[in-house]
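Asks: Sequence plus the predicted model coming up.
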2 protein chains.
Amino acid sequence: MGILSAACEYAIRAMLYLEAHAGGESVPVAVIARETGISHPFLSKIVRQLVERGLLDSARGPGGGVRLARPARSITLLDIIAAIDGLHFATGCALGFPECDDDAPCPIHPYWRSLREQVMRMFAKKSLSVFAREISAKMKKLERQRKTGASPKARKGGRGQ
Amino acid sequence: MGILSAACEYAIRAMLYLEAHAGGESVPVAVIARETGISHPFLSKIVRQLVERGLLDSARGPGGGVRLARPARSITLLDIIAAIDGLHFATGCALGFPECDDDAPCPIHPYWRSLREQVMRMFAKKSLSVFAREISAKMKKLERQRKTGASPKARKGGRGQ
DNA sequence: AAATTTGTGGACAATAGAGTCCGTTGTCTG
DNA sequence: CAGACAACGGACTCTATTGTCCACAAATTT
């Protein structure tokens, strides 16, 4: 995929759903799967890992399901990524040189290292609650734009892709 | 792997070898494989793609092999990456949201886009000749350090790892 | 207690990337 | 022409990821 595995992307989407649509209540995995479009059996496996790592609590039986184990404010995207993918995206040489490390760096090593750190910071800075709020705000904005018919497509620079 | 596939990393190492150790002469893939530690059959497949994309020229028979198709000065790391992996690492949403694009971006989209562009620029700025020169200079420097016994490990900032 | 709901866990299948094997084709040398 | 050299190309294996299926265990309701 991109920089994250499919499983990790699903984990983020599922936890985001919990923050946005459950008010701290337990939600069955089957419901999250249906609402997010992720396959139930696969999401089930991912959720199990999130429970193991202490990011989710689970309860069986009627009225059960899963919910955030901590306040959404204290859970960052990096927490989720670390739980599912680990942090290897933050290590190693961009070009795979076996001999390349901080003591004998390849020529792009310092650039790469700085970029990796920026990525880490980007993920570490976003808590689930902030992220969910930003998404819902964005949704509302799009809604307004659709109503007024104003298209924001024309933008300066022409670099848009 | 990291951001690049194994095949792509091998392609870069192979072309770097050609620039550093062949003076525009053809080198058999078997030799490149032996010198770089890459498996011959696999490298063979990769080299074929590089020939197809016009980055390498190939010649069969005794005295044959492959060589750079253009001056090393005009071949960038991005050229090689585009030939083997394509440029998908430069597109798409970091979190895999299907609905996320430049018109309806997810909250980390602008950060992500800027980081991707920095990565692109980093790879596009390095030509094979510059890269090879920087590596050989680094090698010599290490050589000198080993002789004098001076360890460069102590560095200001203490962030070193 | 029985039935229903829900997570748990393991076995399995499908896919893609990584890596191997080998026969074929073209080219050079003697 | 014969033989060696080396790229070409396809078929194959191995492995990790992705995704599916099903039996089971716990909790809740009646």
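Replies: Okay, I see it. Numbers count the residues shown, from 1 in each chain, chains lettered A, B, ... in the order given.
Asks: From DNA strand C, how far out is A:Val47?
Replies: The span separating A:Val47 from DNA strand C equals 6 Å under the rule Cβ to the nearest atom of the strand, to the nearest Å. (Glycine included, C-beta is placed from N, CA and C.)
Asks: Can you name the residues that contact that residue?
Replies: Residues in contact with A:Val47, defined by Cβ atoms under 8 Å, 6 or more residues apart in numbering or on different chains, are A:11, A:14, A:29, A:32, A:56, A:58, A:66.
Asks: same for the helix or strand harbouring the fourth one, what does it pack against?
Replies: Secondary structure from DSSP states H and E places A:Ile32 in helix A:29-36. Contacting helix A:29-36 under the criterion 3 or more Cβ pairs under 8 Å, 6 or more residues apart in numbering or on different chains; DSSP states H and E are the following elements: helix A:6-21, helix A:40-52, strand A:65-68.
Asks: Check whether A:Ile32 really touches A:Leu18, as I assumed.
Replies: Yes - A:Ile32 sits in contact with A:Leu18 when judged by Cβ atoms under 8 Å, with a separation of 7.2 Å.
Asks: can you list residues touching both of the two?
Replies: In the contact map built from Cβ under 8 Å, 6+ apart, the residues linked to both A:Ile32 and A:Leu18 are A:Val66.
Asks: Of the helices and strands packed on helix A:29-36, give the one that comes closest to B:Lys125.
Replies: Comparison of the helices and strands packed on helix A:29-36 against B:Lys125 by Cβ to Cβ identifies helix A:6-21 as nearest, at 30.4 Å.
Asks: Establish whether that closest one and chain B are in contact.
Replies: Yes - contact of helix A:6-21 with chain B (Cβ under 8 Å from any Cβ of the partner chain) involves A:6, A:9, A:12-13.
Asks: among these, which ones are buried?
Replies: For these, a neighbour count by 16 or more other Cβ atoms under 10 Å in any protein chain shown gives the buried set as A:9, A:12-13.
Asks: Closest to B:Met139 out of those?
Replies: Proximity of these to B:Met139 was ranked by Cβ to Cβ; the top entry is A:Glu9 with 40.3 Å.
Asks: surely the closest one meets B:Leu95?
Replies: Yes - the pair A:Glu9 and B:Leu95 passes the contact test of Cβ under 8 Å, sitting 5.7 Å apart.
Asks: Alongside DNA strand C, which residues does chain A contribute?
Replies: Chain A has residues A:27-30, A:41, A:44-45, A:47-48, A:51, A:58-66 near DNA strand C, with proximity defined as Cβ under 7 Å from any atom of the strand.
Asks: No further questions, thank you.
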